[in-house]
Structures are given as C-alpha cells and as structure tokens.
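*Asks:* this one's sequence-less:
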C-alpha cells in the first residue's frame, strides 16, 4: 500500500514540472513592470500585457512617448504658468480614481475636529463623472435625525505625488448649505516622523457653508495652529455667490514666500520666518481633498439635513515647479 501511495505521489510531482524543471503550477502571468498601469504585483511570468497611460499628444507639454493609452491629462504650453515647468496633473478624465496618484482615506466619525462624517472608499462618496471628481457627502442609511450620521470622501497623494515648492492649482466648485466644510490642503511628507502641527499644514482653500461668500487660505505650525483668524497666517477672500461656479484655488510657494490666490487674485502673502517652529515648509508636501460635515468650524450653525447629497466637485489638480 505504501508503495502505491509513493508511486502516485511521484506521478503528481512529474505532472507539476516541465522538462526544464520549472514548476508550471506556480506561474502567474501578468504585467511585471511596476511603471505600468496594470502592474500585477503577484505575477511571476510576463505575458507582454503591460499598459502605459499618459498624454499621447506629441504637441502637449506633458507628452509621454511611452504611453499606449491616453489618460486625458494633456496640457498645452499656454496652460503652464509663466516661470514654471510642468510637474504633474490629474484632469479626472478616467472612469475611476487613479491609484498611482491617490490614496483613499477611511476614518470613523469624530476622527478629526469633531466632524460628524465617516470617510469611506465607497463609490457613492468618491466618483468620477464626465471629467469631474465628485466628493459627495450623504446621509447614512437608515438615517436617524435624532442621531444623524453621514458619510463622505477624503483623498490624498501621500508617497505618490509630493513636491517641494512650486505653483499648485485646483479648479473646484464648492458645495452649499449649513454644515458643509470642504478643503483643499497640504501636509508635510515627513508627518509620520514629525507629527502635526510641528511639521506644518497649508490650507489652499477652506469654506464653511454657513458663511457662503468667503473662502480662507491658512498656514499652521508649532507656534500658531488651529484658529488663525485675524493673524498674518490667514487670508480671506469675499465673493458673492462663490459657491455657484467653478473657481481656481492656488498657492505659489518657494523658500522665501508663500502666496495664495483665487482666480489669479492674490489673497495671501507671507514671508519666510527664521525658526522651524514658525516655518516648517521646506520639505515636499502632499495634496489632500475632502468634504467634512459639521465639526468645530463647519458645524457652528448646525447641519441642514435637506442639502444631502452634497458634492464638492473638482475639475483638475495641477502642480508646476520652477
């Protein structure tokens, strides 16, 4: 009986190996190039299936001669700000969020600033449609008005797209209604080793729904963080009905100054400070986009439950460097 078992075991081993001694049962075919959009981390054998996305227009300033599929991110020379070179952009022309650029954050309700929403990766909270990114806040289902719950989206480019200095611009349309708190902001790439607020924060745009005609550009650091209203670390821009249309929110940043803009109009200007506790802004930063509900600032006048679902709509995000 033992001889029979050994015989069939021997036949099994032979069937799993080819004449060269390679184990066919372990071969996983796929794209093995980590630069490809369909890279398969589990692949052990290449099947020449790699796909490379990028701008395929040879006239564009960000033309990628290795791209096999156009990603809809082509930019012409006249779209680059004077004095800067192209670094990165996402025009959100794909069907899904590009995982090579973005991380989706998942957080529980109350994780930040006593905000009411939980952040999820669900398509109902983060979706791309017709060339726009929708970060959508909505009521939890079932919804209990006595203990209201909400879900929303928050994404970042940490460890994927980071830049020290440069000109960053994001074109977006704000949500409206009491309780909304959308933000376009930046955190230091070294935040895991030097935590907030010591590593700094720059808010390119913040808006709260109960104050519908104002947006804010702010800086935070060890010496002054949290409520910076009325200091030289915050700029305020007023525009009637600013929520009703798309606007471009920008930062110009180098080793000497940080400037903030709305539609090319400068709303903030701060010169370099001498100490790190005042100026931790000499490292690469990454971009964050989110829509909060309620919280210490957004919820000052409560939440209007008739506004949901509520969308923060982003047309594009672009970065340039000197």
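*Replies:* All right, it came through fine. Keep in mind the model is a prediction, meaning the values are calculated, not measured.

*Asks:* quick one, helices of the stretch 1-150 of the chain?
*Replies:* Along the stretch 1-150 of the chain, counting by DSSP state H, counting those that start in this stretch, helices occupy 2-15.

*Asks:* ranges for the strands of it?
*Replies:* 29-30, 45-46, 53-54, 69-70, 85-90, 103-104, 117-119, 126-129, 132-139, 150-152 (DSSP state E, counting those that start in this stretch).

*Asks:* and residue 33, what does it touch?
*Replies:* Contact partners of residue 33, counting by CB atoms under 8 Å, 6 or more residues apart in numbering, are 39, 50. (Each C-beta comes from the backbone N, C-alpha and C, glycine too.)

*Asks:* all further residue positions should be reported with the first residue as 111.
*Replies:* Got it, the first residue is 111 from now on, which makes the last one we talked about residue 143.

*Asks:* for it, give its distance to residue 200.
*Replies:* 21 Å (CB to CB, to the nearest Å).

*Asks:* now residue 317: how far from residue 371?
*Replies:* In terms of CB to CB, residue 317 sits 15 Å off from residue 371.

*Asks:* out of these two, which sits in the busier spot?
*Replies:* The residue with more neighbours, out of residue 317 and residue 371 and counting by other CB atoms under 10 Å, is residue 317; that gives 25 against 20.

*Asks:* what residues are up against that one?
*Replies:* Counting by CB under 8 Å, 6+ apart, residue 317 has contacts 284, 290-293, 324-326, 352-353.

*Asks:* for residue 405, which non-adjacent residue is spatially closest?
*Replies:* For residue 405, ignoring the flanking residues on the chain, the nearest one in space by CB to CB, 6 or more residues apart in numbering is residue 225 at 3.7 Å.

*Asks:* separation between the one you found and residue 403?
*Replies:* Distance of residue 225 to residue 403, given as CB to CB: 6 Å.

*Asks:* now do residue 430
*Replies:* Residue 430 is 32 Å from residue 403, by CB to CB.

*Asks:* residue 225 and residue 403: which is more packed in?
*Replies:* Taking other CB under 10 Å, residue 225 and residue 403 do not tie; residue 403 has more neighbours (29 against 23).

*Asks:* closest one of the contacts of residue 317 to residue 398?
*Replies:* Set against residue 398, the nearest of the contacts of residue 317 by CB to CB is residue 293 (7.2 Å).

*Asks:* make sure the closest one is actually in contact with residue 311.
*Replies:* No: counting by CB atoms under 8 Å, residue 293 stays clear of residue 311, with 10.3 Å between them.

*Asks:* picking that back up, need the strands of the stretch 111-260 of the chain in CSV (columns: distance to residue 384 and mean pLDDT).
*Replies:* Output for the strands of the stretch 111-260 of the chain, formatted as CSV (distance: least, CB to CB, whole Å; pLDDT from 0 to 100):
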stretch, distance to residue 384, mean pLDDT
strand 139-140, 53, 93
strand 155-156, 54, 91
strand 163-164, 42, 93
strand 179-180, 47, 94
strand 195-200, 28, 98
strand 213-214, 34, 98
strand 227-229, 37, 98
strand 236-239, 41, 98
strand 242-249, 38, 98
strand 260-262, 39, 98
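
*Asks:* tell me which of the ones you listed lies nearest to residue 379.
*Replies:* Nearest of the strands of the stretch 111-260 of the chain (CB to CB): strand 195-200, 22.7 Å.

*Asks:* who's in contact with the closest one?
*Replies:* The contact list for strand 195-200 (CB under 8 Å, 6+ apart) reads 171-172, 183, 185, 190, 208, 211-212, 271, 273, 276, 426-432.
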